[in-house]
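Colleague: no sequence on hand, only this structure:
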């Protein structure tokens, strides 16, 4: 059984609903994996100081929304997602009392459409011209029968030569100029990260990450039985002295980090600090696994750590945040000594990445279409930043002009869980710092707002106005109940 337990906010919200929402966040954030067992009703009731009936209602809500499955005489387990990664509701047992914000966060359609729901929690790019471009590209592929036939055959596990060359061009945009032989094609950045971790580490090895980090690393570390340890960060990113101390104490195998447009804080490491971290990595034989996905939105990204560590640095990127998440193509750049090991993992995992998706991505990169799409994405980010600056004038938040996120520290007396609960009742969803904490470290009272989550500029403005109103009203305001 997973040892994760929910923290209930101080709120007049029904406790069963708060418990259900907390578990939904943990499941969607990777803190609880499919197949893991939830605590027994009596045990959880004792831990949270509530009645067993409250736990039963919370578990029933989760089951109705398809998040968990109750097995008679055995317990309650996290449900397996469907083929698209979503958890579908049990339509025959809809919960009429389930509020729209809670239902939406759980992945279920709302039982009532009386109030709007704005999702500022999901990290998704804004829609640009990728759909019409895809239609055009598919027509071109359909007209080339020879190539279409080749794409239906088995391919090398690292990808066709032309696809690896396109990946090298994409990585070069982020400052990783390496030959195609050192670039591998994967089914998105998460798949690439999973393959790298399996090649580099063994169960029981220690893996470092920023104290606040991408939630996917938590799920992977737990699945691979790694000892995941958070390293102190400040307003710039990883604190080198903290990394040095931790290396001396724990003998880690690798460090996973997002040094450029860090998720969730939007920070970017300075060149001086990158040099310090690279020196520490060499001194302690630390493999640095760098997530370059956010860096794709920068016109001139800083030199990656991987480029400073030709024998110790691995870089991972994809098109998911700069173009489209549905185009499941990622690229891994690794030192030559690691390429063969990662290739073996890809071969054992899925044999090869979809050649059709890789061909589409390669064409867009080589033809320059990707430049146009990224420029459109940046333009959308600029517009949404302008809306945020206008609506949130007077409130202090951190961001980068190229980042699609805002990192909003909460002033007293707000607590992050209370603020998220108040926003849910107002119809706005977001991610608290708890979603990004590594291990059992304490989370700051802060939230991440994803500007791309709102479907339109008007929706973003309305969501931010609700958020600003809630900040002004404070914990005792009309949305705190």
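Modeller: That came through fine. The model shown is predicted, which means the values in this text are computed figures rather than measured ones. Numbers count the residues shown, from 1 in each chain.
Colleague: where does pLDDT dip in the stretch 101-250 of the chain?
Modeller: Counting by pLDDT under 70, the stretch 101-250 of the chain contains low-confidence residues at 101-116.
Colleague: show me where it has its strands.
Modeller: In the stretch 101-250 of the chain, the segments counted as strands under DSSP state E, counting those that start in this stretch are 118-119, 183-186, 206-210, 227-231.
Colleague: just checking, what packs against the lengthiest helix in the chain?
Modeller: As assigned by DSSP state H, the longest helix anywhere in the chain is helix 369-391. The contact analysis (3 or more C-beta pairs under 8 Å, 6 or more residues apart in numbering; DSSP states H and E) places helix 369-391 against helix 130-143, helix 355-367, helix 457-473. C-beta: built from backbone N, CA, C; applies to glycine.
Colleague: out of the ones you listed, which gets nearest to residue 389?
Modeller: Nearest to residue 389, of all these, is helix 457-473, at 10.0 Å by C-beta to C-beta.
Colleague: before we move on, back to that, what's in contact with the longest helix of the chain?
Modeller: Where contact means C-beta atoms under 8 Å, 6 or more residues apart in numbering, the residues beyond helix 369-391 that reach it are 125-126, 128-130, 133, 170, 296-297, 299, 319, 322-323, 363-364, 397, 399, 401-404, 406, 449, 451-452, 454, 457, 460-461, 464-465, 468.
Colleague: one step back: okay if I get the strands of the stretch 101-250 of the chain as CSV plus distance to residue 280?
Modeller: CSV is the format used below for the strands of the stretch 101-250 of the chain (distance: least, C-beta to C-beta, whole Å):
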stretch, distance to residue 280
strand 118-119, 39
strand 183-186, 26
strand 206-210, 11
strand 227-231, 11
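Colleague: CSV please, covering these and showing mean neighbour count.
Modeller: As requested, the strands of the stretch 101-250 of the chain are exported to CSV (neighbours: other C-beta atoms under 10 Å):
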stretch, mean neighbour count
strand 118-119, 22
strand 183-186, 28
strand 206-210, 24
strand 227-231, 19
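Colleague: so which of those strands gets nearest residue 312?
Modeller: strand 206-210 (13.3 Å).
Colleague: partners of that closest one, with directions?
Modeller: As defined by DSSP bridges, the strand partners of strand 206-210 come to strand 227-231 (parallel), strand 254-257 (parallel).
Colleague: these: which one's closest to residue 17?
Modeller: Using C-beta to C-beta, the nearest of the strands paired with strand 206-210 to residue 17 is strand 227-231, at 30.0 Å.
Colleague: can you tell me how far the closest residue to residue 255 other than its chain neighbours is from residue 261?
Modeller: Of all residues beyond its chain neighbours, the one nearest residue 255 is residue 208 (4.3 Å), with distances taken as C-beta to C-beta, 6 or more residues apart in numbering. Distance of residue 208 to residue 261, given as C-beta to C-beta, to the nearest Å: 20 Å.
Colleague: closest to residue 348 out of the strands of the stretch 101-250 of the chain?
Modeller: Short answer: strand 183-186, nearest of these by C-beta to C-beta, at 13.3 Å.
Colleague: parallel or antiparallel, list what pairs with that closest one.
Modeller: Next to strand 183-186 in the sheet, as set by DSSP bridges, lie strand 330-333 (antiparallel).
Colleague: what's the first helix or strand after the strand it pairs with?
Modeller: helix 336-350 (DSSP states H and E).
Colleague: in that following helix, what counts as buried?
Modeller: 338-339, 342-343, 345-346 (16 or more other C-beta atoms under 10 Å).
Colleague: do the same with stretch 397-407
Modeller: For stretch 397-407, the neighbour count (16+ other C-beta under 10 Å) marks 397-400, 402-407 as buried.
Colleague: repeat that for stretch 10-24.
Modeller: In stretch 10-24, counting by 16+ other C-beta under 10 Å, buried: 11, 13, 15-24.
Colleague: which of these fall within helices?
Modeller: 15-24.
Colleague: and the two most separated of the residues you listed?
Modeller: Greatest spacing in those, by C-beta to C-beta: 15 and 24 (14.8 Å).
Colleague: the residue lying closest to residue 232 once chain neighbours are set aside - how many residues pack around it?
Modeller: Leaving out its chain neighbours, the residue that sits closest to residue 232 by C-beta to C-beta, 6+ apart is residue 242, at 3.8 Å. Counted with other C-beta atoms under 10 Å, residues neighbouring residue 242 total 16.
Colleague: mind checking how far residue 242 is from residue 249?
Modeller: 11 Å.
Colleague: please apply the same query to residue 26.
Modeller: Distance, residue 26 to residue 249, by C-beta to C-beta: 29 Å.
Colleague: those two - which one has more neighbours?
Modeller: residue 26 (23 against 10).
Colleague: so what secondary structure elements neighbour the helix or strand where that one lies?
Modeller: Using DSSP H and E, the element containing residue 26 is helix 15-28. Judged by 3+ C-beta pairs under 8 Å, 6+ apart, helix 15-28 is in contact with helix 52-64, helix 100-105, helix 416-426.
Colleague: related to what we said a few turns ago, how about the buried residues of stretch 10-24 in CSV, adding distance to residue 196 and pLDDT?
Modeller: Below are those laid out as CSV (distance: C-beta to C-beta, whole Å; pLDDT from 0 to 100):
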residue, distance to residue 196, pLDDT
11, 41, 71
13, 41, 78
15, 41, 89
16, 41, 90
17, 39, 89
18, 37, 88
19, 36, 92
20, 35, 90
21, 33, 87
22, 31, 87
23, 30, 89
24, 29, 87
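Colleague: let me see the mean pLDDT of stretch 390-408.
Modeller: Mean pLDDT, stretch 390-408: 96.
Colleague: residue 422 touches residue 472, doesn't it?
Modeller: No - between residue 422 and residue 472 there is no contact under C-beta atoms under 8 Å: 11.7 Å.
Colleague: okay, those two: which has more neighbours?
Modeller: Neighbours around residue 422 and residue 472, counted as other C-beta under 10 Å, are more numerous at residue 422. The numbers are 27 against 10.
Colleague: for residue 405, see how far away the more buried one is.
Modeller: Using C-beta to C-beta, residue 422 is found at 20 Å from residue 405.
Colleague: try residue 358
Modeller: To residue 405, residue 358 is 28 Å away according to C-beta to C-beta.
Colleague: ok, now residue 150?
Modeller: Residue 150 is 40 Å from residue 405, by C-beta to C-beta.
Colleague: again, but for residue 399
Modeller: On the measure of C-beta to C-beta, residue 399 and residue 405 end up 7 Å apart.
Colleague: overlap in contacts, these two.
Modeller: residue 266.
Colleague: find the pair from the buried residues of stretch 397-407 with maximum spatial separation.
Modeller: Applying C-beta to C-beta across the buried residues of stretch 397-407, the maximum distance is between 397 and 402, 15.5 Å.
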